[in-house]
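A.B. asks: Below are the sequence and a predicted model; questions follow.
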Amino acid sequence: MRDTRGVLYPARLPEFHRLPPAAAARDLAVWFWIPEWSIEPGRSSRQEIVGYPALNLVVENGEVSLSGATTRGSHRDLTGTGWAVGALLRPAAVAALVDEPAALVDSAQPVDAPALADAVSAVMASGEGHRERGVAVFSEWLARRVGPLDDGARQANALVDVLMGEGAADSVEEAATRLAVSTRTLQRIAHRHVGVSPAAMIRRRRLQEAAEQLRIDPAADLAALAADLGYADHAHLSRDFRRVLGIAPRTYRAASSAQS
């Protein structure tokens, strides 16, 4: 699976895979992402991301960390040789890992999970099939850590499905109507299980889709694209791009085309 939505310049990626979770973690992770890289000495590879509104649990260099949802684009410069195995978490997994996900927005914290770090590290060094086995042991650990899901966790998953999935809602009010809850309840669920507001999740989805469409179709009309994605107008799309990524859509389109 090589879905690169959220990655601003896929041509720069090292070897990169997105794999589905094992059955035990199907309600706990959207997917697992695994980059592997070997960069020549003295060089680096910059990876620029407009992340999903979700938390990520990551094993890298023998350690485990939990990173929160982001409000802006981010980047990382890869050097040397390495790998990471990360789980893009579904909201149902969050309560077992952090009490206040809003406190992790745009930041990360270490997680005391040496058994997970050791198990994933051993598998990643084991040769053929290491990615699939890494996902399997990570999924099993996550399922044990979270335990049985309650109704609140399942409702939180449904919230993200409505806001980020196929045929996603275009407004907070529409999402609340689909889930048969009040907008206040929607806000509370998002705060407890994601850390950002439903409106912020909708904005991030639109921005990711806009960036993806500009990569796929460099000739796309920006005004038409803005209308298709629910922006008020072309200027609204441009403001969102500049606020989060620091560049205009036209600039991003030109840079993306040059690197494809």
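C.D. replies: Perfect, I can see it now. Residues are numbered from 1 along each chain as shown.
A.B. asks: ranges for the strands of this protein?
C.D. replies: Here the chain has its strands, by DSSP state E, at 15-19, 29-38, 45-49, 56-60, 63-67, 74-78, 81-83, 85-89, 108-110.
A.B. asks: mind giving me CSV with those and columns for mean neighbour count?
C.D. replies: Quick note: C-beta positions are derived from backbone N, CA and C, even for glycine. Shown next, in CSV, are the strands of the chain (neighbours: other CB atoms under 10 Å):
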stretch, mean neighbour count
strand 15-19, 15
strand 29-38, 20
strand 45-49, 15
strand 56-60, 22
strand 63-67, 18
strand 74-78, 13
strand 81-83, 15
strand 85-89, 24
strand 108-110, 11
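A.B. asks: Which one, of these, ends up nearest to residue 124?
C.D. replies: The closest of those to residue 124 is strand 81-83. By CB to CB, the value is 5.8 Å.
A.B. asks: ok, back up a step: so which of the strands of the chain is nearest residue 160?
C.D. replies: strand 29-38 (8.6 Å).
A.B. asks: how about stretch 218-229: buried residues?
C.D. replies: 220, 222, 225, 226, 229 (16 or more other CB atoms under 10 Å).
A.B. asks: Ok, stretch 155-172 next?
C.D. replies: When burial is assessed from 16+ other CB under 10 Å, stretch 155-172 yields the following buried residues: 155-164, 168-169, 172.
A.B. asks: Stretch 249-260 now?
C.D. replies: 249, 252, 253, 256.
A.B. asks: Without its sequence neighbours, what residue ends up closest to the third one?
C.D. replies: This means residue 253. Leaving aside its chain neighbours, residue 253 sits nearest to residue 214 (4.5 Å; criterion: CB to CB, 6 or more residues apart in numbering).
A.B. asks: quick one on the thing from earlier: quickly name whichever of the buried residues of stretch 218-229 is closest to residue 71.
C.D. replies: Nearest member of the buried residues of stretch 218-229 to residue 71, counting by CB to CB, is residue 229, at 18.9 Å.
A.B. asks: right, and that closest one touches residue 208 too?
C.D. replies: No. At 9.9 Å, residue 229 does not count as touching residue 208 under the criterion of CB atoms under 8 Å.
A.B. asks: would you list the strands of the chain in CSV and tack on distance to residue 237 and mean pLDDT?
C.D. replies: Shown next, in CSV, are the strands of the chain (distance: least, CB to CB, whole Å; pLDDT from 0 to 100):
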stretch, distance to residue 237, mean pLDDT
strand 15-19, 26, 90
strand 29-38, 25, 94
strand 45-49, 19, 83
strand 56-60, 27, 98
strand 63-67, 27, 98
strand 74-78, 20, 86
strand 81-83, 36, 93
strand 85-89, 25, 97
strand 108-110, 29, 97
